[in-house]
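> quick one, structure for this:
(one chain, ligands or ions: 2)
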Amino acid sequence: PFLMNVLDDPSFIAGDVATDFIDTHPELAQVNRSRNRGSKALQYLADVTVNQPYGPRVDGIDPRDKLPRFPGDKTEEPDRSPFDGPSASQPPAGWRQILLQKGPEGFAAELRSRTELAVTDTTFRDAHQSLLATRVRTRDLLAAAPALAHTLPGLFSVEAWGGATYDVALRFLAEDPWARLRLLRDELPNIPLQMLLRGRNTVGYTPYPVEVTNAFVQEAASTGVDIFRIFDALNDVRQITPAIEAVRATGTAVAEAALCYTGNLLDPDEKLYTLDYYVNLARQMVDAGAHILAIKDMAGLLRPQAARELVGALRSEFDLPVHLHTHDTAGGQLATLLAAADAGVDAVDTAVASMAGTTSQVPMSALVAALEHGERDTGLRLDRAAGLEPYWETVREIYRPFESGLSAPTGRVYRHEIPGGQLSNLRQQAIALGLGERFEQIETMYEAANAMLGNIVKVTPSSKVVGDLALQLVGMDVDPQAFAENPQEFDVPDSVIGFLSGELGDPPGGWPEPFRGRALQNRGQRRPEAELSAEDRASLSTPGVERQSTLNRLLFPGPTREFEENRAEFGDTSVLHTRDWLYGMVAGQEHVISLGKGVRLLATLQAIGEPDAKGVRPVMVTLNGQARQITVRDRS
Ligand code: 3PY
Ligand code: ZN
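Numbers count the residues shown, from 1 in each chain. Ligands and ions are numbered 1, 2, ... in the order given. The predicted structure is shown next:
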């Protein structure tokens, strides 16, 4: 049987394995493994081909022939698989070397002292979270990383991890989020890697015990995160203090504390989210040990003059550098970045233009062009920032089924205040609930739900609470006022009950009474915080792979189980090109399966047979020229 196994192995076919070695040679175990991996990957491809031929959530026409050929195509793919390890030549030194040499305090001081405006690229995290439902796979990030390191070595950071990427990797991509971090770290040795950490919720939606925060931060820092942007969804600094302390304890990583911007501080009627409110918040963050202050404008509400005042105040009150993050939902945020630059902001977030705009960040090339030859020139080359655009345009096209559907800017955001990342998600949720046609009404209801809940800061996970309530109100077709007066008479989403019970902490404006008391009448009490077993505790203090899988399991038990089952059945499918992974095989075309270390298989679909009585179809393929038959259950 062993002989049969190696017969169709590519290295065997290529003559790499001498036949007379077969019975004795130990490398054959390796060959056997490759063969197994190849078979599993092929099984996956056949499955997608049968069950998802038009890609996810797109029906009607077969999009496969129209998809761009890069990076999923054999003829244009470089020989080196991105999974073979870092590129040979070292990119020029950058901000990461400054961090390594000077440590986090020195790094922050250097940022504060520079005249050049520092620029973060969010393309690897927030941009695709906000435009493509976080679906961009590791291989497409890795393929772009060397170009970034070599052509834009002056970037302040690349936001590449955290937020929703962790959850989505396990839940939808069958990828280990830790592998992504490790591989990106290898490819970007000169640019600091930045992540978004949701305070005590880490990368989840509810608070975890502080041991989880500590272990998560240590493991993330030792695997590759340099800058931790930490926020709390209700701007409760007590909720981010343990994470700030954990980052400081690493001695090497930077703690960037983020104040979440809400409302409009220029509005004379704004009584809660005022300039004083933010300065007071920032003071607590400085006292908690932040190295950098971030303004996190998740919905894109910060107007130019407000940015000027806020940045000016933060920089005159404190010695810390200020990093500005915004979303271009309404279309005017380049003006905000420029006003902030004028007021002395030290760093700003942008995304590669083809992954920018609307719910994503401001285009990097527009910012670079706007400041070129001026006092705050970014030092980045415009042609190089623009040079990354065609790649991302192509990648984006492959992920088209996940587009948010927001095809133009919207001024409605100033009223509903839905964060960029949520706006795309909420649309998908609405469509799934059959409410797609009523999205405007959902936006309006989101505004009403926010008012009912006490005009809260809306960002993961508090934004989910407001979104759930809005969907519920529209779904039930109930008048918000009637609901606000008598919530005890209606169904209330679990997330809303959890929030009102104080699971996420206390909101800045206090609790909305009597709404809260009524909504909680006769409903479940606050869920007790998760307890860690002695085994979990031990595993959380063991750095490396074991701790990583324990964290996956503690944070996302269901998705982690599915991820592990997927691995067992199909192997590591992250090696497949995204075109193939999403859309399967096209008859007559060659599909490359790169197994790393130069092992590449070529698969060609010949035919799909009729299903038998149990709905199982034979799928005929050739693998490196040899005929194979695979069976796939047709679930369509
Ligand atoms: C996240 O928490 O994922 C966010 O992007 C919040 O803006
Ligand atoms: Zn954001």
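> contact partners for Pro192?
95-96, 99, 156-158, 226-227, 254 (CB atoms under 8 Å, 6 or more residues apart in numbering). Where C-beta positions appear, they are placed from N, C-alpha and C, glycine not excepted.
> typed the wrong thing, it's Met445
Taking CB under 8 Å, 6+ apart, one finds 469-471, 473-474, 480 in contact with Met445.
> if we go to 6 Å?
470, 473-474 (CB atoms under 6 Å, 6 or more residues apart in numbering).
> follow-up on the earlier one: mind checking which of the contacts of Pro192 land in strands?
Among those, the ones falling in strands (DSSP state E) are 157-158, 227, 254.
> out of those residues, what pair is the most spread apart?
Within the ones in strands among the contacts of Pro192, two members stand farthest from each other by CB to CB: Val158 and Val254, at 13.7 Å.
> returning to that earlier point: restricted to buried residues, select the ones in strands among the contacts of Pro192 in ChimeraX.
A single ChimeraX command suffices to select whichever of the ones in strands among the contacts of Pro192 are buried according to 16 or more other CB atoms under 10 Å:
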select :157,158,227,254
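> including pLDDT and distance to Glu489, could the ones in strands among the contacts of Pro192 go into JSON lines?
Conversion of the ones in strands among the contacts of Pro192 to JSON lines gives the following (pLDDT from 0 to 100; distance: CB to CB, whole Å):
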{"residue": "Ser157", "pLDDT": "99", "distance to Glu489": "50"}
{"residue": "Val158", "pLDDT": "98", "distance to Glu489": "50"}
{"residue": "Ile227", "pLDDT": "99", "distance to Glu489": "48"}
{"residue": "Val254", "pLDDT": "99", "distance to Glu489": "50"}
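> return the residues of the stretch 1-150 of the chain in contact with ligand 1.
Contact residues, the stretch 1-150 of the chain versus ligand 1 (CB under 6 Å from any ligand atom): 126, 129.
> show me where the stretch 1-150 of the chain has strands.
118-121 (DSSP state E, counting those that start in this stretch).
> show me the shaky parts of it.
Residue ranges of the stretch 1-150 of the chain with pLDDT under 70: 1-32, 57-88.
> can you map out the helices along it?
2-7, 10-13, 28-51, 95-113, 128-131, 138-151 (DSSP state H, counting those that start in this stretch).
> which residues are in contact with the fourth one?
Helix 95-113 is touched from outside by 118, 156, 190-192, 226, 254, 291-292, 321, 346, with contacts defined as CB under 6 Å, 6+ apart.
> again with the longest one
With contact meaning CB under 6 Å, 6+ apart, helix 28-51 is reached by 5-6, 9, 570-571, 573, 580, 584-585, 593, 595, 599, 601, 603, 617, 619, 630, 632, 634-636.
> report the buried members of these.
Buried among these (16+ other CB under 10 Å): 6, 9, 570-571, 573, 580, 584-585, 593, 595, 599, 601, 603, 617, 619, 630, 632.
> out of the residues you listed, which are inside strands?
593, 601, 603, 617, 619, 630, 632.
> kindly export the helix or strand hosting Ala484 (C-alpha atoms) in PDB.
Applying DSSP states H and E as the criterion places Ala484 in helix 480-485. In PDB, the C-alpha atoms belonging to helix 480-485 read as follows (Å, rounded to 0.1, in the frame of the first residue of the first chain):
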ATOM      1  CA  PRO A 480     -39.500  52.600  19.400                       C
ATOM      2  CA  GLN A 481     -41.300  54.800  21.800                       C
ATOM      3  CA  ALA A 482     -43.700  52.100  22.800                       C
ATOM      4  CA  PHE A 483     -40.700  49.800  23.300                       C
ATOM      5  CA  ALA A 484     -38.800  52.300  25.300                       C
ATOM      6  CA  GLU A 485     -41.700  52.900  27.600                       C
END
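> after that helix, next one along is what?
Using DSSP H and E, the next helix or strand after helix 480-485 towards the C-terminus is helix 494-500.
> where's the most centrally placed residue in the chain relative to Arg308, distance?
Centroid-nearest residue in the chain: Thr165, 3.0 Å away (criterion: CA atoms, centre = their mean). Thr165 sits 32 Å away from Arg308, going by CB to CB, to the nearest Å.
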